[in-house]
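**Student:** Compute the structure for the input listed below.
(one chain, ligands or ions: 2)
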Amino acid sequence: MKRNQLQNNTDTIVAIATAPGRGGVGIVRLSGGDLSRFITGLLAGDKILQPRVATYSRFIDALGDSIDEGMALVFPSPNSFTGENVLELQGHGGPVVMDRLVQRCVELGARLARPGEFSERAFLNDKMDLAQAEAIADLIDASSFEAARSAVRSMQGEFSKLVNQLVENMIQLRIYVEAAIDFPEEEIDFLADKNLRDNLRSLAAELADILYRARQGSLLRDGMTMVLAGKPNAGKSSLLNALAGNETAIVTAVPGTTRDVLRERVVVDGMPLNIVDTAGLRETEDEIEQEGVRRAWNEIEQADVVVFVVDIMQTSEPVLEDIWPEYFVRYPAARQPVILVLNKIDLCDQPPGALSNREGCFALSAQDRRGFAELGAYLHRMAGYQGQAEGLFSARRRHLDALIKAQDLVVAGIQQLELAGAGELLAEDLRQAQNHLSEITGQFSSDDLLGRIFSSFCIGK
Ligand SMILES: Nc1nc2c(ncn2[C@@H]2O[C@H](COP(=O)(O)OP(=O)(O)OP(=O)(O)O)[C@@H](O)[C@H]2O)c(=O)[nH]1
Ligand SMILES: [Mg+2]
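**Tutor:** Ligands and ions are numbered 1, 2, ... in the order given. You can find the predicted model right below:
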């Protein structure tokens, strides 16, 4: 992959940079290549644009008729967002006006930008790294004050700085380990070197710290996915409605009411949560319901946390293994956390809240909302959510995966060293761990990964 070389010989891309719809001002942005034909072709009179100075002008079509009038701004390479020559036309923010300006740019030889293409070019021209580019998209998409604050920190390079520092430490260790392997006659008995072990351990600790903070940041951004599962009529849809504060799901006394998967994004005491309501799990002849049950299992499999809802009146002993054996049959090993909710306590004398003798078991009423605070607090604790963005940075699932892989490798490497004295294996683990970390900032990344990341951005960004 080519970086560090300004790609000013690229074609010119154009897009509306402002949000679609009507607004006081709308901006059309061009980037790449020689922009002089756009300046002469679009601006009335022979306008000479000073770099980064707003110049008032009429914007004209091929016949010289006015499309609009406004400000033109040129940012010569390399001092622009993309690092290329950039021209901005700030006109009136009407969709027709904006479209005509874009059309005129296309007539003059520009090509419509793909989603995220401006950011992609900024990345390729070393204006920012991958984590920073992603943070811009996260800032634009931020749904809460905290999420926006942590996105800004990532955008300004806080996250990247930590990752780069980690990579740097890893390189130092690798140099040492590989030198010891390559020059055994030097008699650096590196396996016995206490310094090496200490350094490896502190590397693992640093990784764990960054991972913790990245997890928090990713929670702020995405929230956990919590799937409501259970037998028909347990009150899953009622619980969804109560948590969401609206009547999203149909609730009836008929078992098998819900067939489709319903999704609702809610904020529980500042923590975003993606709740998924599913069809009641049961054997059924009904074809539609069968499909609903199949989809329910699908969602259960992908959940960060599963809430298994039961009707307390139908339940004698709240032991998950007995109440929901199918789950343990399907997933004998690695499972996500499951919370057991005993619903409808308004019908009996069970007090609301956590059951003292059972971890992760809560009594509540979806009808009168008793017991909700305890469940909410438990979810917060489970997610490790601190509720404050101090020292956090926005992070994505992709970043977490890379950090986790790097951590696993470092831990494995330490074991190779301590148990087997295997220096070569340690060296290989460290090499791979470094590659995973470098994926975060994009120093080491495939075109495929870049394509996936930037195509999820909005057009004009
Ligand atoms: N008394 C009482 N009734 C409840 C409570 N929660 C739900 N119900 C009732 O239980 C019945 C089923 O509720 P739903 O929310 O539709 O149950 P569900 O689990 O989504 O059912 P399916 O969609 O059929 O799987 C309805 O009649 C609700 O009014 C509760 O906390 N207390
Ligand atoms: Mg339902």
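**Student:** Stretch 281-291 near ligand 1 at all?
**Tutor:** No - legend: contact between stretch 281-291 and ligand 1 by Cβ under 6 Å from any ligand atom is lacking; minimum distance shown is 8.1 Å. All C-beta atoms are positioned from the backbone trio N, CA, C, and that covers glycine.
**Student:** ok, the closest residue to residue 42 other than its chain neighbours - contacts?
**Tutor:** Once flanking residues are discounted, residue 42 sits nearest to residue 59: 5.5 Å by Cβ to Cβ, 6 or more residues apart in numbering. Shown in contact with residue 59 (Cβ atoms under 8 Å, 6 or more residues apart in numbering): 42-44, 66-70, 72, 89, 91, 101, 104.
**Student:** Mind doing that once more with 10 Å?
**Tutor:** Residue 59 makes contacts with 28, 41-44, 66-72, 89-91, 97, 100-101, 104, as judged by Cβ atoms under 10 Å, 6 or more residues apart in numbering.
**Student:** swap in residue 182?
**Tutor:** So residue 182 contacts residue 427 (Cβ under 10 Å, 6+ apart).
**Student:** how near is it to ligand 1?
**Tutor:** 64 Å (Cβ to the nearest ligand atom, to the nearest Å).
**Student:** Got the phi and psi for that residue?
**Tutor:** With angles defined as degrees, to the nearest 10, residue 182 sits at phi -70, psi -30.
**Student:** May I have the predicted confidence score for it?
**Tutor:** With respect to pLDDT, residue 182 scores 76.
**Student:** now swap in the one 4 residues further on and tell me
**Tutor:** For residue 186, the model assigns a pLDDT of 60.
**Student:** mind listing the strands for the stretch 201-350 of the chain?
**Tutor:** Ranges of strands in the stretch 201-350 of the chain, per DSSP state E, counting those that start in this stretch, are 224-230, 262-268, 271-277, 305-311, 338-343.
**Student:** Report all helices and strands that the second one contacts.
**Tutor:** Contacts defined by 3 or more Cβ pairs under 10 Å, 6 or more residues apart in numbering; DSSP states H and E place strand 262-268 against strand 224-230, helix 236-244, strand 271-277, helix 372-383.
**Student:** so who does whichever residue of the stretch 1-150 of the chain sits closest to ligand 1 touch?
**Tutor:** Closest contact between the stretch 1-150 of the chain and ligand 1, by Cβ to the nearest ligand atom, is at residue 143 (26.6 Å). Applying Cβ under 10 Å, 6+ apart to residue 143 gives the contacts 220, 221, 222, 223, 265, 267, 272.
**Student:** Return the residues of this protein in contact with ligand 2.
**Tutor:** Residues of the chain lying near ligand 2 by Cβ under 5 Å from the ion: 236, 237, 257, 258.
**Student:** one more time with 8 Å
**Tutor:** By Cβ under 8 Å from the ion, the residues of the chain that approach ligand 2 are 232, 236-238, 240, 249-251, 257-258, 277-280.
**Student:** State the pLDDT value of the residue sitting nearest the centre point of the chain.
**Tutor:** Residue closest to the mean C-alpha point of the chain, counted by Cα atoms, centre = their mean, is residue 396 at 3.2 Å. Model confidence at residue 396, expressed as pLDDT, equals 88.
**Student:** Please, where are all the helices along the stretch 251-400 of the chain?
**Tutor:** Assigned by DSSP state H, counting those that start in this stretch, the helices in the stretch 251-400 of the chain fall at 287-302, 320-323, 325-330, 372-383, 397-415.
**Student:** hang on, the earlier thing: with mean pLDDT as new columns, can the strands of the stretch 201-350 of the chain be given to me in TSV?
**Tutor:** Shown next, in TSV, are the strands of the stretch 201-350 of the chain (pLDDT from 0 to 100):
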stretch	mean pLDDT
strand 224-230	96
strand 262-268	92
strand 271-277	92
strand 305-311	97
strand 338-343	97
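**Student:** Same list, these, but as CSV with mean neighbour count please.
**Tutor:** Converted to CSV, these look like this (neighbours: other Cβ atoms under 10 Å):
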stretch, mean neighbour count
strand 224-230, 24
strand 262-268, 16
strand 271-277, 22
strand 305-311, 22
strand 338-343, 24
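**Student:** Kindly reformat those as CSV and extend each row with distance to residue 403.
**Tutor:** Shown next, in CSV, are the strands of the stretch 201-350 of the chain (distance: least, Cβ to Cβ, whole Å):
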stretch, distance to residue 403
strand 224-230, 18
strand 262-268, 25
strand 271-277, 21
strand 305-311, 21
strand 338-343, 26
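**Student:** which residues touch residue 207?
**Tutor:** 162-163, 166, 169-170, 403-404, 406-411, 433, 437.
**Student:** Pull the number of nearby residues for residue 32.
**Tutor:** 25 (other Cβ atoms under 10 Å).
**Student:** you'd agree it is up against residue 118?
**Tutor:** Yes - in this structure, residue 32 is within contact of residue 118 by Cβ atoms under 10 Å, at 9.5 Å.
**Student:** shared neighbours of those two, which are they?
**Tutor:** Counting by Cβ under 10 Å, 6+ apart, the shared contacts of residue 32 and residue 118 are 13, 82, 84, 86.
**Student:** Just the closest of these to residue 208, please.
**Tutor:** residue 82 (36.4 Å; Cβ to Cβ).
**Student:** and the closest one, backbone torsions?
**Tutor:** Per degrees, to the nearest 10, the backbone of residue 82 is at phi -90, psi -10.
**Student:** My understanding was that it contacts residue 125; is that so?
**Tutor:** Yes - the criterion here is Cβ under 10 Å, and residue 82 meets it with residue 125 at 6.3 Å.
**Student:** From residue 430, how far off is the closest residue to residue 289 other than its chain neighbours?
**Tutor:** Leaving aside its chain neighbours, residue 289 sits nearest to residue 256 (5.3 Å; criterion: Cβ to Cβ, 6+ apart). Per Cβ to Cβ, to the nearest Å, residue 256 is found 55 Å from residue 430.
**Student:** Residue 235 now?
**Tutor:** From residue 235 to residue 430 the distance is 51 Å (Cβ to Cβ).
**Student:** Which strand or helix spans the residue of the stretch 51-200 of the chain found nearest ligand 2?
**Tutor:** The nearest approach of the stretch 51-200 of the chain to ligand 2 comes at residue 143, 26.2 Å away (Cβ to the ion). Following DSSP states H and E, one finds residue 143 outside all helices and strands.
**Student:** Just the pLDDT at it, thanks.
**Tutor:** Per the predicted model, pLDDT is 75 at residue 143.
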